[in-house]
Structure formats: C-alpha cells, structure tokens
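Colleague: Sharing a model that was predicted from the sequence below.
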Amino acid sequence: MRLRRTGLIPSDTRVRHYDELDEEAQATVRELAGRPQTAPEADDLDDGDVVKFTDYYEVRAR
C-alpha cells in the first residue's frame, strides 16, 4: 500500500480520520505520509480511502 497526498476528494470517497484508525493503521499512516514508500496493506484501510492526517492522503493498494 502507498499513500498519495491529495487535494481533490470525490463526494463518494470514504474519508477516515487518523484518530479513528486502529493502532496498526495509524502506524502505517505515520510511516508512509509524505514518503515514497510502500507498506503491507492495513486491515482498517481500503484502496481509494482518504485519510485525514497532517494533510489528506489517498490510500493506493498495490
């Protein structure tokens, strides 16, 4: 999974707030936010979800 900063959020997109995520997903978001890295998929996040953390990040499953 990767995170990609986004400013455009379609109305049908599920937006998740960082503090709503489980600990595993929070750790993954902290690790990937703003970095060109990949990590194993988190059970709490799906492809296309947007996470509001320090910015809005789109989840991309690989």
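Modeller: Cool, the structure landed. Computed from a prediction, not measured in an experiment: that's the story for all the values here.
Colleague: Let me know whether my guess that V29 is in a strand holds.
Modeller: No: secondary structure of V29 (DSSP: H, G, I helix; E, B strand; the rest coil): helix, not part of a strand.
Colleague: these two touch, right, it and L3?
Modeller: Yes: when contacts are counted by Cβ atoms under 8 Å, V29 is listed as touching L3 (6.8 Å). For every residue, glycine as well, the C-beta is placed using N, CA and C.
Colleague: and stretch 7-24, how far apart are its ends?
Modeller: 25 Å (Cα to Cα, to the nearest Å).
Colleague: typed the wrong thing, it's stretch 24-39
Modeller: Span of stretch 24-39 from end to end, Cα to Cα: 11 Å.
Colleague: Show me what that stretch is in contact with.
Modeller: 1-3, 5, 18, 21, 40, 42-45, 51, 53-55, 57, 62 (Cβ atoms under 8 Å, 6 or more residues apart in numbering).
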